[in-house]
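> Sequence and computational prediction follow.
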Amino acid sequence: MSAALCRAVLFLALVSSSLAVVIKATKPRPLVVWHGLGDSHSSPGMLEFVSMIKDVHPGIFVHSVYIQPELEDDKKAGFYGNVDEQVAFVSEQLAEIPELEDGFDAIGFSQGGQFLRAYVERYNSPPVNNLITFGSQHMGISDIPVCGRFDILCQIARRAAKGAVYGEWAQTNLVQAQYFRDPRNYERYLEANHFLTSINNERPDSRNGTYIKNFGSLNKLVLVLFSQDKTVVPPESSWFGSEAIPEDDATLKTLYNNEGPQQERLSDEKVIIPMRLQPLYLEDWIGLRQLDQRGDVIFETCEGEHMQIGDCWKPLVEKFAGGHM
(Lines give C-alpha, C1' and ligand atoms only; values in the text may rest on other atoms or scores of the structure.)
Protein backbone atom coordinates (compact mmCIF):
# COMPACT_ATOMS: atom_id res chain seq x y z
CA MET A 1 0.00 0.00 0.00
CA SER A 2 1.38 3.39 -1.00
CA ALA A 3 2.07 6.11 1.56
CA ALA A 4 -0.65 8.29 0.00
CA LEU A 5 -3.21 5.51 0.29
CA CYS A 6 -2.21 4.85 3.91
CA ARG A 7 -2.72 8.53 4.72
CA ALA A 8 -6.12 8.47 3.03
CA VAL A 9 -7.22 5.39 4.99
CA LEU A 10 -6.01 6.96 8.24
CA PHE A 11 -7.81 10.21 7.45
CA LEU A 12 -11.10 8.38 6.75
CA ALA A 13 -10.74 6.42 9.98
CA LEU A 14 -10.23 9.62 11.97
CA VAL A 15 -13.19 11.30 10.30
CA SER A 16 -15.40 8.27 10.96
CA SER A 17 -14.33 8.18 14.62
CA SER A 18 -14.97 11.92 15.03
CA LEU A 19 -18.42 11.65 13.46
CA ALA A 20 -19.29 8.79 15.81
CA VAL A 21 -18.30 10.92 18.80
CA VAL A 22 -20.35 13.89 17.53
CA ILE A 23 -23.42 11.74 16.84
CA LYS A 24 -23.17 10.14 20.28
CA ALA A 25 -22.73 13.53 21.95
CA THR A 26 -25.84 15.00 20.34
CA LYS A 27 -28.10 12.00 20.87
CA PRO A 28 -30.72 12.28 23.63
CA ARG A 29 -29.95 10.43 26.84
CA PRO A 30 -31.88 7.12 26.90
CA LEU A 31 -34.95 6.74 29.09
CA VAL A 32 -36.23 3.81 31.17
CA VAL A 33 -39.88 3.66 32.23
CA TRP A 34 -41.35 1.37 34.91
CA HIS A 35 -45.14 1.08 34.78
CA GLY A 36 -47.47 1.08 37.75
CA LEU A 37 -49.84 -1.37 39.40
CA GLY A 38 -52.45 -2.88 37.09
CA ASP A 39 -50.48 -2.01 33.95
CA SER A 40 -47.94 -3.83 31.78
CA HIS A 41 -44.80 -2.92 29.88
CA SER A 42 -46.46 -2.64 26.47
CA SER A 43 -50.07 -1.87 27.23
CA PRO A 44 -51.82 0.59 24.87
CA GLY A 45 -51.39 3.34 27.46
CA MET A 46 -47.65 2.69 27.87
CA LEU A 47 -47.10 2.48 24.12
CA GLU A 48 -48.90 5.80 23.66
CA PHE A 49 -46.82 7.43 26.40
CA VAL A 50 -43.56 6.21 24.87
CA SER A 51 -44.70 7.52 21.49
CA MET A 52 -45.41 10.95 22.97
CA ILE A 53 -41.98 11.01 24.61
CA LYS A 54 -40.41 10.30 21.23
CA ASP A 55 -42.34 13.24 19.78
CA VAL A 56 -40.84 15.46 22.50
CA HIS A 57 -37.32 14.05 22.12
CA PRO A 58 -36.84 12.75 18.55
CA GLY A 59 -34.34 9.93 18.36
CA ILE A 60 -34.54 9.01 22.04
CA PHE A 61 -34.20 5.35 23.03
CA VAL A 62 -36.91 4.28 25.50
CA HIS A 63 -37.01 0.98 27.35
CA SER A 64 -40.15 -0.11 29.19
CA VAL A 65 -39.29 -2.37 32.12
CA TYR A 66 -40.89 -5.80 32.23
CA ILE A 67 -41.01 -8.59 34.79
CA GLN A 68 -42.72 -11.00 32.40
CA PRO A 69 -42.71 -10.69 28.60
CA GLU A 70 -46.39 -11.63 28.22
CA LEU A 71 -48.62 -8.62 28.95
CA GLU A 72 -51.11 -10.37 31.24
CA ASP A 73 -48.31 -12.08 33.18
CA ASP A 74 -46.51 -8.74 33.52
CA LYS A 75 -49.69 -7.19 34.90
CA LYS A 76 -50.03 -10.02 37.45
CA ALA A 77 -46.41 -9.48 38.50
CA GLY A 78 -47.44 -6.03 39.70
CA PHE A 79 -49.67 -7.71 42.28
CA TYR A 80 -47.89 -10.98 43.02
CA GLY A 81 -44.18 -11.60 43.41
CA ASN A 82 -41.11 -10.88 45.49
CA VAL A 83 -40.13 -7.24 44.94
CA ASP A 84 -36.49 -7.78 45.91
CA GLU A 85 -36.22 -10.50 43.25
CA GLN A 86 -38.05 -8.35 40.71
CA VAL A 87 -35.67 -5.41 41.20
CA ALA A 88 -32.68 -7.76 40.89
CA PHE A 89 -34.14 -9.15 37.66
CA VAL A 90 -34.58 -5.64 36.27
CA SER A 91 -30.99 -4.74 37.14
CA GLU A 92 -29.82 -7.68 35.00
CA GLN A 93 -32.24 -6.67 32.26
CA LEU A 94 -30.94 -3.10 32.09
CA ALA A 95 -27.29 -4.18 32.20
CA GLU A 96 -27.81 -6.22 29.02
CA ILE A 97 -29.13 -3.31 26.90
CA PRO A 98 -26.25 -1.69 24.96
CA GLU A 99 -28.08 1.62 24.52
CA LEU A 100 -28.13 2.12 28.29
CA GLU A 101 -24.49 1.38 29.04
CA ASP A 102 -23.54 5.05 29.54
CA GLY A 103 -26.50 5.80 31.78
CA PHE A 104 -30.10 6.90 31.41
CA ASP A 105 -32.92 8.98 32.85
CA ALA A 106 -35.80 7.10 34.48
CA ILE A 107 -39.53 7.56 35.04
CA GLY A 108 -41.47 5.50 37.56
CA PHE A 109 -45.25 5.43 37.61
CA SER A 110 -46.78 4.80 41.03
CA GLN A 111 -45.06 1.76 42.60
CA GLY A 112 -42.63 1.69 39.68
CA GLY A 113 -41.11 4.82 41.21
CA GLN A 114 -39.96 3.24 44.47
CA PHE A 115 -38.84 0.16 42.55
CA LEU A 116 -36.60 2.32 40.37
CA ARG A 117 -35.30 4.00 43.52
CA ALA A 118 -34.44 0.53 44.84
CA TYR A 119 -32.52 -0.11 41.61
CA VAL A 120 -30.56 3.12 42.07
CA GLU A 121 -29.67 2.38 45.67
CA ARG A 122 -28.79 -1.28 45.24
CA TYR A 123 -27.34 -1.54 41.74
CA ASN A 124 -27.20 1.64 39.62
CA SER A 125 -25.10 0.02 36.92
CA PRO A 126 -25.72 1.42 34.38
CA PRO A 127 -26.36 4.62 36.36
CA VAL A 128 -29.49 6.75 36.52
CA ASN A 129 -29.06 10.46 35.80
CA ASN A 130 -32.47 12.00 36.62
CA LEU A 131 -35.21 10.03 38.37
CA ILE A 132 -38.83 11.19 38.00
CA THR A 133 -41.50 9.47 40.09
CA PHE A 134 -45.23 10.02 39.60
CA GLY A 135 -47.43 9.30 42.63
CA SER A 136 -44.95 6.84 44.10
CA GLN A 137 -45.11 5.41 47.62
CA HIS A 138 -41.64 6.31 48.88
CA MET A 139 -42.71 6.14 52.53
CA GLY A 140 -45.08 3.28 51.87
CA ILE A 141 -48.84 3.18 52.30
CA SER A 142 -50.81 2.98 55.53
CA ASP A 143 -53.90 1.51 53.86
CA ILE A 144 -54.43 -0.85 50.96
CA PRO A 145 -56.04 1.13 48.12
CA VAL A 146 -59.61 0.32 47.11
CA CYS A 147 -59.87 -1.61 43.84
CA GLY A 148 -62.08 -0.93 40.87
CA ARG A 149 -65.44 -2.67 40.92
CA PHE A 150 -64.53 -5.15 38.20
CA ASP A 151 -60.81 -5.52 38.93
CA ILE A 152 -60.95 -9.06 40.30
CA LEU A 153 -57.15 -9.50 40.33
CA CYS A 154 -56.76 -6.40 42.50
CA GLN A 155 -59.63 -7.39 44.81
CA ILE A 156 -58.14 -10.82 45.52
CA ALA A 157 -54.71 -9.31 46.23
CA ARG A 158 -56.24 -6.63 48.46
CA ARG A 159 -58.18 -9.14 50.58
CA ALA A 160 -55.09 -11.31 50.98
CA ALA A 161 -52.92 -8.34 51.97
CA LYS A 162 -55.46 -6.91 54.42
CA GLY A 163 -55.85 -10.33 56.07
CA ALA A 164 -52.23 -10.85 57.07
CA VAL A 165 -50.14 -8.01 55.70
CA TYR A 166 -47.13 -8.72 57.92
CA GLY A 167 -47.24 -12.49 57.58
CA GLU A 168 -44.26 -14.20 55.95
CA TRP A 169 -46.22 -15.26 52.86
CA ALA A 170 -47.61 -11.78 52.23
CA GLN A 171 -44.20 -10.17 52.67
CA THR A 172 -42.65 -12.36 49.99
CA ASN A 173 -45.57 -12.79 47.58
CA LEU A 174 -47.90 -9.77 47.69
CA VAL A 175 -46.34 -6.70 46.14
CA GLN A 176 -48.43 -4.08 47.96
CA ALA A 177 -47.80 -5.74 51.32
CA GLN A 178 -44.08 -5.21 50.75
CA TYR A 179 -44.49 -1.43 50.99
CA PHE A 180 -47.27 -1.38 53.58
CA ARG A 181 -46.08 0.77 56.51
CA ASP A 182 -48.53 0.90 59.41
CA PRO A 183 -47.59 3.72 61.81
CA ARG A 184 -49.76 2.14 64.52
CA ASN A 185 -47.86 -1.13 64.21
CA TYR A 186 -44.42 0.24 63.42
CA GLU A 187 -42.35 -2.26 65.41
CA ARG A 188 -44.06 -5.16 63.68
CA TYR A 189 -43.41 -3.48 60.32
CA LEU A 190 -39.69 -3.21 61.14
CA GLU A 191 -39.58 -6.87 62.09
CA ALA A 192 -41.54 -8.31 59.18
CA ASN A 193 -40.97 -6.06 56.17
CA HIS A 194 -38.00 -6.82 53.91
CA PHE A 195 -38.34 -4.38 51.03
CA LEU A 196 -39.36 -0.90 52.19
CA THR A 197 -37.41 -1.07 55.45
CA SER A 198 -34.38 -1.93 53.34
CA ILE A 199 -34.54 0.82 50.69
CA ASN A 200 -35.37 3.38 53.40
CA ASN A 201 -32.53 2.09 55.61
CA GLU A 202 -34.92 2.07 58.57
CA ARG A 203 -33.28 -0.70 60.57
CA PRO A 204 -30.46 0.81 62.65
CA ASP A 205 -28.49 -2.45 62.77
CA SER A 206 -28.39 -3.00 59.02
CA ARG A 207 -28.06 0.38 57.29
CA ASN A 208 -26.28 0.14 53.96
CA GLY A 209 -23.80 2.86 53.07
CA THR A 210 -23.95 1.92 49.38
CA TYR A 211 -27.56 3.12 49.28
CA ILE A 212 -26.47 6.58 50.48
CA LYS A 213 -23.66 6.78 47.92
CA ASN A 214 -25.77 5.58 45.00
CA PHE A 215 -28.86 7.64 45.75
CA GLY A 216 -26.74 10.72 46.35
CA SER A 217 -25.21 10.27 42.90
CA LEU A 218 -28.48 11.22 41.18
CA ASN A 219 -28.40 14.47 39.25
CA LYS A 220 -32.04 15.33 39.97
CA LEU A 221 -34.83 13.61 41.91
CA VAL A 222 -38.25 14.80 40.76
CA LEU A 223 -41.11 13.88 43.11
CA VAL A 224 -44.61 14.27 41.66
CA LEU A 225 -47.68 14.26 43.91
CA PHE A 226 -51.28 14.07 42.66
CA SER A 227 -53.39 16.73 44.37
CA GLN A 228 -56.54 14.58 44.69
CA ASP A 229 -54.82 11.23 45.19
CA LYS A 230 -57.06 8.75 47.04
CA THR A 231 -55.15 5.65 45.94
CA VAL A 232 -51.89 6.42 47.73
CA VAL A 233 -52.59 6.66 51.47
CA PRO A 234 -51.31 9.11 52.49
CA PRO A 235 -50.70 10.95 49.19
CA GLU A 236 -47.77 12.81 50.79
CA SER A 237 -45.80 9.55 50.53
CA SER A 238 -45.03 10.70 46.99
CA TRP A 239 -43.02 13.53 48.62
CA PHE A 240 -41.45 11.29 51.29
CA GLY A 241 -44.15 12.24 53.79
CA SER A 242 -45.85 9.74 56.09
CA GLU A 243 -48.40 9.42 58.85
CA ALA A 244 -46.88 10.12 62.24
CA ILE A 245 -45.89 7.18 64.40
CA PRO A 246 -47.98 7.78 67.56
CA GLU A 247 -45.06 7.02 69.91
CA ASP A 248 -42.67 9.38 68.12
CA ASP A 249 -43.05 12.25 70.58
CA ALA A 250 -39.85 14.02 69.52
CA THR A 251 -40.89 14.32 65.87
CA LEU A 252 -44.41 15.42 66.80
CA LYS A 253 -43.09 18.06 69.17
CA THR A 254 -40.77 19.41 66.47
CA LEU A 255 -43.65 19.42 64.01
CA TYR A 256 -46.02 21.43 66.18
CA ASN A 257 -43.32 23.89 67.20
CA ASN A 258 -42.17 24.48 63.65
CA GLU A 259 -42.89 27.95 62.27
CA GLY A 260 -41.43 27.49 58.79
CA PRO A 261 -42.86 26.17 55.52
CA GLN A 262 -42.71 22.57 56.75
CA GLN A 263 -45.60 22.95 59.19
CA GLU A 264 -47.88 19.98 59.77
CA ARG A 265 -50.46 18.96 57.22
CA LEU A 266 -53.59 17.10 58.20
CA SER A 267 -54.93 14.38 55.93
CA ASP A 268 -58.24 12.85 57.09
CA GLU A 269 -57.42 14.05 60.63
CA LYS A 270 -54.08 12.23 60.60
CA VAL A 271 -50.83 14.05 61.29
CA ILE A 272 -48.49 13.96 58.31
CA ILE A 273 -44.73 14.21 58.87
CA PRO A 274 -43.20 16.01 55.86
CA MET A 275 -39.94 14.94 54.26
CA ARG A 276 -37.67 17.41 56.01
CA LEU A 277 -38.85 16.27 59.46
CA GLN A 278 -38.52 12.55 58.75
CA PRO A 279 -35.75 10.78 60.73
CA LEU A 280 -34.81 9.27 57.36
CA TYR A 281 -34.06 12.81 56.17
CA LEU A 282 -32.67 14.36 59.36
CA GLU A 283 -30.16 11.54 59.85
CA ASP A 284 -29.72 11.08 56.09
CA TRP A 285 -30.24 7.34 56.02
CA ILE A 286 -30.37 7.13 52.21
CA GLY A 287 -28.66 10.32 50.98
CA LEU A 288 -31.93 12.22 50.51
CA ARG A 289 -30.79 15.13 52.66
CA GLN A 290 -27.58 15.67 50.71
CA LEU A 291 -29.60 15.65 47.48
CA ASP A 292 -32.01 18.20 48.89
CA GLN A 293 -29.33 20.47 50.30
CA ARG A 294 -27.71 20.54 46.87
CA GLY A 295 -31.02 21.78 45.50
CA ASP A 296 -31.55 18.58 43.51
CA VAL A 297 -34.88 17.41 44.96
CA ILE A 298 -37.72 18.87 42.90
CA PHE A 299 -41.31 18.86 44.24
CA GLU A 300 -44.05 18.91 41.61
CA THR A 301 -47.84 18.55 41.71
CA CYS A 302 -50.18 17.16 39.09
CA GLU A 303 -53.79 18.24 39.55
CA GLY A 304 -56.23 15.34 39.77
CA GLU A 305 -56.51 11.83 41.11
CA HIS A 306 -53.84 9.15 41.13
CA MET A 307 -52.10 8.77 37.75
CA GLN A 308 -54.42 11.22 36.00
CA ILE A 309 -51.39 12.73 34.33
CA GLY A 310 -53.02 14.65 31.50
CA ASP A 311 -50.39 17.03 30.12
CA CYS A 312 -48.63 17.34 33.47
CA TRP A 313 -45.87 14.99 32.34
CA LYS A 314 -44.77 17.00 29.32
CA PRO A 315 -42.84 19.93 30.87
CA LEU A 316 -41.16 17.48 33.27
CA VAL A 317 -40.07 15.19 30.46
CA GLU A 318 -38.90 18.18 28.42
CA LYS A 319 -36.77 19.45 31.30
CA PHE A 320 -35.57 16.33 33.09
CA ALA A 321 -35.39 13.66 30.37
CA GLY A 322 -33.73 13.41 26.99
CA GLY A 323 -30.79 15.70 27.69
CA HIS A 324 -27.66 15.21 25.61
CA MET A 325 -25.17 12.65 26.82
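That came through fine. Numbers count the residues shown, from 1 in each chain.
> What are the boundaries of the helices in the stretch 151-300 of the chain?
Assigned by DSSP state H, counting those that start in this stretch, the helices in the stretch 151-300 of the chain fall at 152-163, 168-173, 186-192, 196-199, 209-216, 249-257, 279-282, 288-293.
> Mean pLDDT lowest where, among the ones you listed?
For the helices of the stretch 151-300 of the chain, mean pLDDT drops lowest on helix 249-257, to a mean of 57.
> what's the distance between stretch 198-218 and the middle of its chain?
Stretch 198-218 has its C-alpha centroid displaced from the chain centroid by 15 Å (C-alpha atoms, centre = their mean, to the nearest Å).
> and what of stretch 26-37?
For stretch 26-37 - counting by C-alpha atoms, centre = their mean - the centre lies 12 Å from the chain centre.
> what about that stretch, start to end distance?
Stretch 26-37 has an end-to-end distance of 35 Å (criterion: C-alpha to C-alpha, to the nearest Å).
> May I see the buried residues of it?
Buried residues in stretch 26-37, defined by neighbour count with 16 or more other C-beta atoms under 10 Å: 27, 28, 29, 30, 31, 32, 33, 34, 35, 36, 37. To be clear about C-beta, it is placed using only N, CA and C from the backbone, and glycine gets the same treatment.
> re the thing from before, so which of the helices of the stretch 151-300 of the chain has the densest surroundings on average?
For the helices of the stretch 151-300 of the chain, the largest average neighbour count (mean count of other C-beta atoms under 10 Å) is found in helix 196-199, namely a mean of 21.
> Contacts for that one, please.
Applying C-beta atoms under 8 Å, 6 or more residues apart in numbering, the external contacts of helix 196-199 come out as 84, 114, 117-118, 121-122, 140, 178-181, 189-190, 202-203, 206, 208, 211, 286.
> Just the buried subset of the residues you listed, please.
For these, buried by 16+ other C-beta under 10 Å: 84, 114, 117-118, 121-122, 140, 178-181, 189, 202, 208, 211, 286.
> The residues you listed: which two are farthest apart?
180 and 208 (21.4 Å; C-beta to C-beta).
> Show the contacting residues for the spatially most central residue of the chain.
Centrality entry for the chain: nearest residue to the mean C-alpha point is residue 113, 2.0 Å, by C-alpha atoms, centre = their mean. By C-beta under 8 Å, 6+ apart, the contact set of residue 113 is 34, 131, 133, 134, 135, 136, 137, 138, 238.
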